[in-house]
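Student: here are the coordinates; sequence isn't available:
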Ligand SMILES: Cc1cc2nc3c(=O)[nH]c(=O)nc-3n(C[C@H](O)[C@H](O)[C@H](O)COP(=O)(O)OP(=O)(O)OC[C@H]3O[C@@H](n4cnc5c(N)ncnc54)[C@H](O)[C@@H]3O)c2cc1C
Ligand SMILES: Cc1cc2nc3c(=O)[nH]c(=O)nc-3n(C[C@H](O)[C@H](O)[C@H](O)COP(=O)(O)OP(=O)(O)OC[C@H]3O[C@@H](n4cnc5c(N)ncnc54)[C@H](O)[C@@H]3O)c2cc1C
Ligand SMILES: Cc1cc2nc3c(=O)[nH]c(=O)nc-3n(C[C@H](O)[C@H](O)[C@H](O)COP(=O)(O)O)c2cc1C
Ligand SMILES: Cc1cc2nc3c(=O)[nH]c(=O)nc-3n(C[C@H](O)[C@H](O)[C@H](O)COP(=O)(O)O)c2cc1C
Ligand code: FES
Ligand code: FES
């Protein structure tokens, strides 16, 4: 079941999605971390961040909305306090990073490249760019290109760029981060959304809006993943609403080389294990030996009658 | 409960969403059409359209994906065969229109303006622009502006422009259709999505991708409606995932002056009636006499603890 | 306005597994639920819940009016998520049911040979049709012959009910564990020449592959044949345009028609098999 | 690795309405389910379904080990969609339960006055805590006093169980239909001066407004007080960072801590009331 993501070999295509698996500790009693394809940790910034005021989450129809606000201890504390736990395991560790300026991205990438036990970086470009008036890095092809290129310039680690779905043309963004040197592309991050408590006429979240995740967004994620797979040549990692093996298989079949499991971990902390088992069972049943017999084998000629 | 949408008075803010209520006939045995704020009919094109091959729909998590392909009898047959049925009722009839060229939009608008019994036009700009290489009218602010202006130039009817959510900056599109003369703005249309039959490794839809609708998209719709309400001065009509009165109230509270009920009609053909009753009950319970006491009254200062 | 269109609550009184993944559900409905014509169907969902999201279409298997209550039976196969959830419902669960949808089978009171072909759970509407002929058509010259197919003897459904209505019930099983060893279509094909086309009439319901095979067999034997088609449905009553199939139109033209409204019963010769 | 963390199936044996919108559910769990400490909670969802989507947090109301089975009771109020669906479940429904989550109440075996204050369904963890003191702490000098508040006599929950554990149970009702006429906090306030701060200890659970009022009362009476807070949760075990509340940090600093992990039990003086 192994796959190669931009030079990094994973024992299977199932990773955790950033922000839904902490730094691994909370799941150690539910899952065998050694069995994971990779652990993608909660997003790390240059300096510690407190995150947003509560309430931060709300259930949505078949999903949830969050405005955690990227709470994290900062890159230094991550390396000293959090990374050692993950180093105990035989698992690829991918560190999700984000900054408010291009320079911040570079400095975090640089700090992580010095550290030991990190196998790849995932660059979250769905956050507001303070230099450019708070506009999102991931919605402008040129800025996305620049961030990618700069991060690449300071690290020898494989660089995965994680795309925001809140754009008109995801293919264009994918193209530009590939041109910027991305070794792989992951998508999608959450879709902007909100909800309202009608009895009190107040938003459910203190920050009013947040990011929608979970099964509700799966059809959107799958469509965007297919679009990006058709557009770029680097490996694509599918994320969005994966709850079980069947959901993961949808992404692999449209051409993702790996998947990330996010919100599902909250609902079923053993979700990743169930998904790995389920993909194995599917491949056996369909007599497939290699992931290549599965990935990108969608038969588009015939919709199912 | 009456509201004014760009000069058109509706007896209440609850309309049907285009493509989910046919031309009214199928619902006559389930709902009292006279009680509706307005009927928005299935999209009408210049010439008849067969629509897409089957399968055209698939259930999605808390929603559905469709690729009906805008099947309709064309503007002429609409006026002679479908409109007379609706004219029997004391209800505002809003005709949803779409074209493949700007000229087509104008010709349909012109033909409908000649007809009797139509109260407003809703311009669907979520369709591919064949002149501009199939790119969507609704994703380019300039083209969106142009379509709006041209339709306005041939009709005295109020013109509602219906926005596609598949864009980076919905506020920008809203701005430009307002500048083009739109009397009101409705949103959102469906979000692009797809799903895969993993056992057969085929897309569920013959056209592979389709439009996601239903509760799954409600948080996204609500967030975009709030954004557009903040951006423009014309009335905004909220659409997306409204199943019951509480959902409708969320849109009104964030500032929509009216709502459209789509997919819910399939699941519960009496949904519009239940929603009207529910809004009435809510207003009584909260001692509100006028829709103005409700619309746009979100208290953003305090998220709910 | 169509007096036969309703949206009504029904309460499950029985919901039990018959064999393998096949279940029989009885729903009691306290209000007026008109007697369905054979081939008509209902859209069913679990009231107050949204998982599954869309209603599911089911044919009527049996209908009884007792006192002021109606008892409707649905014979169904667990085919996916929605039917699995349905199968887990207990007595007392409330369903929301809309109906009566669809264009029914045409009934021919004067035919001599009425031939019924059912594959798998396609037996549900066929069985209801057979009862209809038996109860309403009093034509002593009419022979009702049924061809019933299943995977194995253990998968046979509704045989008893069919025997009560039909002159003969020919069974086929894929593994030969009961009746003819092979597909039901081949069991029928062995006899097809014996039916005079102008006095015979076929009704068929089952998997698309079965119906397609019947259409091939009938190339040589022009017996009129009505088939019940299935297609994914969102509304069931003609509004969404989601359930279309391609049929032959005037001349060389093809057109899309709605299975829920123009169908689910079609003349087999009109259908364009994908 | 924490041996107390599990993800396990439980079967509903009883799920009945007590009064108004309050229900009592008993779940039997066939496997090892360790005895919860007072204040700990479980995350519960309907197995195999996604409506509601997230699991819901509930305190333990009662716990019994019988033979090789564990019976857990949850006392809950129908507060929204998720609890409504829970209340509609029948005997035999399977739940997926994760636990044991949260930092428990600190137990002080040598206190003289243990004061329990419960509002509404907050009685669930308070009652479990009272039983814990009664069963495990054998201190004859200790007095367990409980203040229990509800809307009216008809809304009182768990009085019997509390009377078995406590030396006294003071009841307050908003409408005066039983006990003190007014808020439970005011009933407590009337007696607060009688408790020597250094030999007393308060545990409180109920609506945020109640807890906030207690913190005000305690400005003048520095009795240690532990409160159980509620917050929306996605995971319940520390991973999502969704359930934070603001607490006082070092100096003037505020910081966000997770109710599910650093809580749900907090020192009342650390909490910053919104
Ligand atoms: C007119 C009509 C009458 C029917 N009568 C019966 C009957 O009496 N007994 C019975 O067991 N089945 C009957 N079916 C088929 C039944 O509707 C499907 O098996 C059922 O909808 C499958 O739902 P699911 O959620 O279990 O499967 P999934 O595959 O999870 O369903 C996904 C979506 O596809 C639709 N779908 C999947 N298969 C079919 C199908 N074969 N036909 C229509 N929609 C489908 C579902 O309704 C749902 O919207 C009938 C279908 C039609 C159109
Ligand atoms: C540690 C802890 C222990 C609890 N113990 C009990 C108990 O023993 N008995 C009991 O009746 N209730 C208890 N609650 C509250 C209970 O979890 C909520 O009433 C329940 O989650 C409401 O869900 P809903 O779907 O009915 O409401 P909705 O308002 O529809 O829920 C929407 C979302 O908000 C969350 N939510 C809403 N209200 C609360 C709340 N007060 N606390 C936490 N999350 C909330 C829901 O879990 C869900 O994710 C406890 C809460 C916590 C945090
Ligand atoms: C609570 C929460 C926190 C998240 N934090 C991050 C983050 O720090 N960095 C990031 O790139 N994505 C973050 N995400 C996005 C997820 O990694 C993922 O892209 C998204 O949730 C869609 O996948 P899902 O539907 O499987 O959850 C977060 C998502 C959730 C729900
Ligand atoms: C089957 C179907 C057909 C639709 N046809 C049209 C159409 O012809 N024109 C249009 O502007 N929108 C069309 N829509 C979009 C809806 O009007 C609505 O914008 C969208 O479905 C979101 O609302 P909902 O979640 O309430 O369904 C269609 C939607 C569905 C599900
Ligand atoms: S199911 Fe909606 S038109 Fe047939
Ligand atoms: S509920 Fe997830 S961290 Fe507390």
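Tutor: Thanks, I have the structure now. All figures in this text were calculated on a predicted structure; none of them were measured in a lab. Ligands and ions are numbered 1, 2, ... in the order given.
Student: show the pLDDT at whatever residue of the stretch 151-300 of chain A ends up closest to ligand 1.
Tutor: As assessed by C-beta to the nearest ligand atom, ligand 1 sits closest to residue A:246 within the stretch 151-300 of chain A, at 10.7 Å. Quick note: C-beta positions are derived from backbone N, CA and C, even for glycine. At residue A:246, the predicted lDDT confidence score is 98.
Student: what about it, which SS state?
Tutor: With DSSP: H, G, I helix; E, B strand; the rest coil as the basis, residue A:246 sits in helix.
Student: run through the strands of the stretch 151-274 of chain C in chain order.
Tutor: For the stretch 151-274 of chain C, the strands defined by DSSP state E, counting those that start in this stretch cover C:168-173, C:180-181, C:200-205, C:225-228, C:244-248, C:254-258, C:265-267.
Student: let's have those strands in TSV, adding mean pLDDT, mean neighbour count and distance to chain A.
Tutor: Shown next, in TSV, are these (pLDDT from 0 to 100; neighbours: other C-beta atoms under 10 Å in any protein chain shown; distance: least, C-beta to the nearest C-beta, whole Å):
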stretch	mean pLDDT	mean neighbour count	distance to chain A
strand C:168-173	93	20	24
strand C:180-181	93	16	28
strand C:200-205	96	25	16
strand C:225-228	97	24	15
strand C:244-248	95	21	9
strand C:254-258	93	17	14
strand C:265-267	96	19	15
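Student: so the residue of the stretch 151-300 of chain A closest to ligand 1 touches residue A:278, yeah?
Tutor: Yes - the pair residue A:246 / residue A:278 is scored as a contact, 7.2 Å apart, by C-beta atoms under 8 Å.
Student: partner strands of the helix or strand of chain A with the lowest mean pLDDT and their direction?
Tutor: Lowest by mean pLDDT, DSSP states H and E among the helices and strands of chain A is strand A:128-129, with a mean of 72. Strand pairing for strand A:128-129, using DSSP bridges, gives strand A:135-136 (antiparallel).
Student: excluding chain neighbours, what is closest to residue 151?
Tutor: The chain I'm using is chain A. In space, and not counting its chain neighbours, residue A:151 is closest to residue A:109: 4.6 Å by C-beta to C-beta, 6 or more residues apart in numbering or on different chains.
Student: actually, chain C is the one I wanted.
Tutor: residue C:174 is the one closest to residue C:151 (C-beta to C-beta, 6+ apart), at 5.0 Å.
Student: just residue A:46 next, same as before
Tutor: Using C-beta to C-beta, 6+ apart, the nearest residue to residue A:46 is residue A:104, at 4.8 Å.
Student: and the one you found, that's in a helix?
Tutor: Yes - counting by three-state DSSP, residue A:104 is found in a helix.
Student: report how many residues lie close to it.
Tutor: Residue neighbour count, defined by other C-beta atoms under 10 Å in any protein chain shown, stands at 19 for residue A:104.
Student: over to residue C:148?
Tutor: Using other C-beta under 10 Å, residue C:148 has 31 neighbouring residues.
Student: again, but for residue C:42
Tutor: 26.
Student: in what helix or strand does it lie?
Tutor: Assigned by DSSP states H and E, residue C:42 belongs to strand C:41-46.
Student: now for the one helix or strand residue A:112 maps to, which elements pack on it?
Tutor: For residue A:112, the host element (DSSP H and E) is helix A:102-114. When contacts are defined as 3 or more C-beta pairs under 8 Å, 6 or more residues apart in numbering or on different chains; DSSP states H and E, helix A:102-114 sits against helix A:74-77, strand A:92-97, strand A:120-124, helix A:141-154.
Student: measure residue A:160 to ligand 3 for me?
Tutor: According to C-beta to the nearest ligand atom, to the nearest Å, residue A:160 stands 10 Å off from ligand 3.
Student: what's near enough to touch that residue?
Tutor: For residue A:160, the contact set (C-beta atoms under 8 Å, 6 or more residues apart in numbering or on different chains) comprises A:5-6, A:94, A:120-123, A:182-186, A:237.
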